[in-house]
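Novice: Pasting the sequence and the predicted model now:
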Amino acid sequence: MAESENIVAETAEKIFADLADAQTINHDRQGAWKAPLWQALTEAGLPLSWVPDDLGGSGASLAEGFAVLNVAGRHAIAVPLAETMLAGWLLTQAKIASPEGEMTVMPAAPKDRITLAADGSLSGRARGVPFAKEAKHFAVLADGKDGVMIALVDAAKCRIASGIGLGGDHSDTVTLDKVQPVTIKPVPNGFDQTTLMLMGGVVRSLQIAGSLESMLDISVRYSNERVAFEKKISKFQAVQHNLARLAGESAAALAAATSAADTIVNAKSLDTDAVFLEAASAKIRCSEAAEKGGGIAHQVHGAIGFTIEHILHRYSLRALAWRDDFGSESYWAVELGKLVADRGADELWPLVASR
Amino acid sequence: MTAALRFDPIRLPEKCEQLRKEVRAFLAEEIAAGTFDPHAPNREDNDAPEFSRRVGAKGWLGMTWPKKYGGQERSFLERYVVTEEMRVANAPTRRFFVADRQSGPVLLKYAPEHIKMDILPRICRGEICFAIGMSEPNSGSDLFAAKTRATKTDGGYLINGTKIWTSSAHIADYMIAIFRTSPPTKENRRHGLTQFLVKMKQPGIQVNPIGQITGQFEFNEVVFTDYFVPDDHVLGEIDGAWKQATSELAYERSGPERFLETYYVLTELVRAVGKNPDTRSAEGIGRLVAQVHTMRRMSVSVAGMLQAGKEPVVEASIVKDIGTVWEQQLPHRVRDLAAFVEETATNRETLEKQLDFAIKTAPKLTIQGGTTEVLRGIIARGLGLR
């Protein structure tokens, strides 16, 4: 990690440590923690990290933003930081200025479509849109007669059917019925819904990897405290081997996610087989790790980890929920499999080795 | 954080890509000349002495070593490229692989100068083969329980005892082995073993091949009877072998061979499935490709750490743990998917033969060079659990 990435990530880390302590949040049924956290993030310019100064953001680099998201994953952050960053990034693609406040992006699933009508209005339904209920604006990717467009939409003009995802965060169905956008502009060449899904997938991969790092951390700590059969459970070989496997899953998720993020940071175009391999693999591998790794973390904790009072679920359930956003691992596996088959058997290794 | 595992996204430098082209061109020529069949990993001709010399002539053996010993002073990342291309092509690397990866670096670090000058250039030329003498009939994973004795005599040591599961001992010119020079102490059960360089094909050494479930004869029993080793063949500290294996082990554990051993069945499955896979095949292939890509990114990351002079012992153990478990499962997952391949697929027979061999090979992958259980113990120690 470069020094500048460290500085931005450390800023985020400090805010999370001060204002997003998992234990405190877990005991605060009123949500009093939320406003101060969002305010601190906003004052630090983090939600609009990926928006340049002239479009209303703080102009951090892609790499700096990705580093922040990994840290956010480690803290299982339950405010729309990742979503607002992604929305700002999407709007920036079409050089649309970002407004203040919480945002999210749609579609958030590969098969949902928003369409642009001749009268300039947007219609369609997007399912599983993260934090839609808490967003003031949406960054929307839409299919128009003349190609793909990016729009800034006022959330108040949309119908939102509230839903709560596995992780306890909003995951809503948003319906647009002839909604006039605040701004709408065409996308640059080669940008389409797949590009948005790939980028969203890498964001979720980094968050999953971060949450697994924390699950490993708190599981190791717990195993060194909890005594059973007259010794610390960390001294049992069966427990040690489970934790070693959790370390492996955490490491694989981190490697896949940071590699994909690094690829996007350095890519001249996002429309290449290399970006597809990296981003799809990250989402697939991190999602698998969320299941296997999270399962081990729970097993190590026993019954206490299954209680609402314990913080483990904040990480384990969010990691599972994040699997579903911007294409599940099954979806990406099918798409990656098709790409590999289309390139042919003898072109598989050259693709893998090119990374 | 309790455990700050790092897997930075290291990329192979540009100069590696030129090297990769050279290696691929060389391997294509060898395949065209009939040296080996890339589709037949179960070939009987895995010992290919002439091929070994030609690889040496290319400068691809001992390539990271000092020039005065015949090396090229190239980076570990360049070596990585050569290793992975050879592995994916199913090239017959048996004769030089151990010497290049493991034995050479041990000699570089611990052998006296005249031995380095004698042996290292011959490894670089692809002329000699090495074996590693660790396991014994009653000590495998429990390395430090080794009993084969090295008894001090005039000008050297007399060796008596038996090593077992010793890969390539039947063709090896040398072995690097650990022998007991003193009993363990109460404080340190690892004390008392010393590393030696052993010249094979001499009186006092008997090599007995052991058949494997694949039908191959790769490993052996090696019996020493009053075998003499001169003093200058001691490698490192007397009684202190336990101190001497850290970074070498990281190399041994994290290379491409730790997740690509059965890779060929995936390539062949993609060929059998064709351009338009059904959903089940596509998903299956996609998941396997995501896995091999991730493994490689982790493995390259460790190679980068080693190149930077770090000793990523835990990271390397993680690569070997999940890499070998995966390459062991791979033929079974490919078999699941192959059940739906059309009867008319032209490579069906090749795929079936490969699966047969890979499935027979699979059990050894999580045993050789440190079992899964040993690796998880090392990872657990790194996590602060022991």
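Specialist: Thanks, I have the structure now. Numbers count the residues shown, from 1 in each chain, chains lettered A, B, ... in the order given.
Novice: Any stretches of chain B with poor pLDDT?
Specialist: Residue ranges of chain B with pLDDT under 70: B:1-3, B:43-45, B:245-248.
Novice: can you give me the helices in it?
Specialist: Applying DSSP state H to chain B gives helices spanning B:14-32, B:49-57, B:76-88, B:94-98, B:104-110, B:113-124, B:247-254, B:264-273, B:279-307, B:313-338, B:348-365, B:372-382.
Novice: counting contacts, what elements does the first one pack onto?
Specialist: This means helix B:14-32. Using 3 or more C-beta pairs under 8 Å, 6 or more residues apart in numbering or on different chains; DSSP states H and E, the elements in contact with helix B:14-32 are helix B:49-57, helix B:76-88. For the C-beta atoms, the positions are set from N, CA and C on the backbone; glycine is no exception.
Novice: Now tell me what touches the longest one from outside.
Specialist: Outside helix B:76-88, the residues that touch it by C-beta atoms under 8 Å, 6 or more residues apart in numbering or on different chains are A:349, A:353, B:10, B:12-13, B:15-16, B:19-20, B:23-24, B:27, B:55, B:60, B:63-64, B:93, B:101, B:251, B:255-257, B:260-261, B:263-264, B:296, B:299-300, B:303-304, B:306-307.
Novice: just to revisit the earlier point, determine which stretch of the helices and strands packed on helix B:14-32 is the most buried.
Specialist: helix B:76-88 (a mean of 23; mean count of other C-beta atoms under 10 Å in any protein chain shown).
Novice: Run the chain-centre distance for stretch B:52-59.
Specialist: Relative to the centre of its chain, stretch B:52-59 is centred 19 Å away, using C-alpha atoms, centre = their mean, to the nearest Å.
Novice: Can you report phi and psi for the nearest residue to B:I322 once chain neighbours are set aside?
Specialist: Counting by C-beta to C-beta, 6 or more residues apart in numbering or on different chains, A:G248 is the residue found nearest to B:I322 once chain neighbours are left out, at 4.5 Å. Backbone geometry at A:G248, expressed as degrees, to the nearest 10, gives phi -60, psi -40.
Novice: didn't A:G248 look like it was pressed against B:I379?
Specialist: Yes - counting by C-beta atoms under 8 Å, B:I379 is a contact partner of A:G248 at 7.4 Å.
Novice: what touches both of the two?
Specialist: B:I318, B:D321.
Novice: show me the contacts for residue 59.
Specialist: Defaulting to chain A. By C-beta under 8 Å, 6+ apart, A:G59 lies in contact with A:V51, A:P52, A:D53.
Novice: looking at chain B here, not the other one
Specialist: B:G59 makes contact with B:Q72, B:C124 under the criterion C-beta under 8 Å, 6+ apart.
Novice: Would you quantify the distance from it to B:G70?
Specialist: Separation of B:G59 from B:G70 (C-beta to C-beta, to the nearest Å): 9 Å.
Novice: okay, and the common contacts of the two?
Specialist: Shared contacts of B:G59 and B:G70 (C-beta under 8 Å, 6+ apart): B:C124.
Novice: I'd say A:D192 and A:V148 touch.
Specialist: Yes - assessed by C-beta under 8 Å, A:D192 is found in contact with A:V148 at 5.3 Å.
Novice: what's the neighbour count on A:I264?
Specialist: Neighbourhood size, A:I264 [other C-beta atoms under 10 Å in any protein chain shown]: 19.
Novice: What mean pLDDT does whichever helix or strand it is part of get?
Specialist: Secondary structure from DSSP states H and E places A:I264 in helix A:237-266. On average, the pLDDT along helix A:237-266 is 98.
Novice: What is that helix packed up against?
Specialist: Using 3+ C-beta pairs under 8 Å, 6+ apart: helix A:237-266 touches helix A:62-74, helix A:193-223, helix A:273-301, helix B:279-307, helix B:313-338, helix B:372-382.
Novice: Need the ones you listed in a markdown table (columns: distance to A:G120 and mean neighbour count).
Specialist: Converted to a markdown table, these look like this (distance: least, C-beta to C-beta, whole Å; neighbours: other C-beta atoms under 10 Å in any protein chain shown):
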| stretch | distance to A:G120 | mean neighbour count |
| --- | --- | --- |
| helix A:62-74 | 31 | 26 |
| helix A:193-223 | 20 | 26 |
| helix A:273-301 | 32 | 25 |
| helix B:279-307 | 38 | 24 |
| helix B:313-338 | 48 | 23 |
| helix B:372-382 | 58 | 21 |
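Novice: for residue 137, what are its contacts?
Specialist: Chain wasn't specified; assuming chain A. A:H137 touches A:A87, A:P99, A:G101, A:E102, A:M103, A:L152, A:V153, A:D154, A:A155, A:V182, counting by C-beta under 8 Å, 6+ apart.
Novice: oops, I was thinking of chain B
Specialist: The contact partners of B:P137, by C-beta under 8 Å, 6+ apart, come to B:T162, B:I164.
Novice: What's the separation between it and chain A?
Specialist: 25 Å (C-beta to the nearest C-beta, to the nearest Å).
Novice: okay, now the domains of chain B?
Specialist: According to automatic domain parsing, chain B comprises the domains B:14-128, B:132-241, B:247-382.
Novice: Out of those, which is the most enclosed?
Specialist: With a mean of 21, the top stretch among these by mean neighbour count (mean count of other C-beta under 10 Å) is domain B:247-382.
Novice: Any idea how far it is from the middle of the chain?
Specialist: With C-alpha atoms, centre = their mean, you get 14 Å for domain B:247-382.
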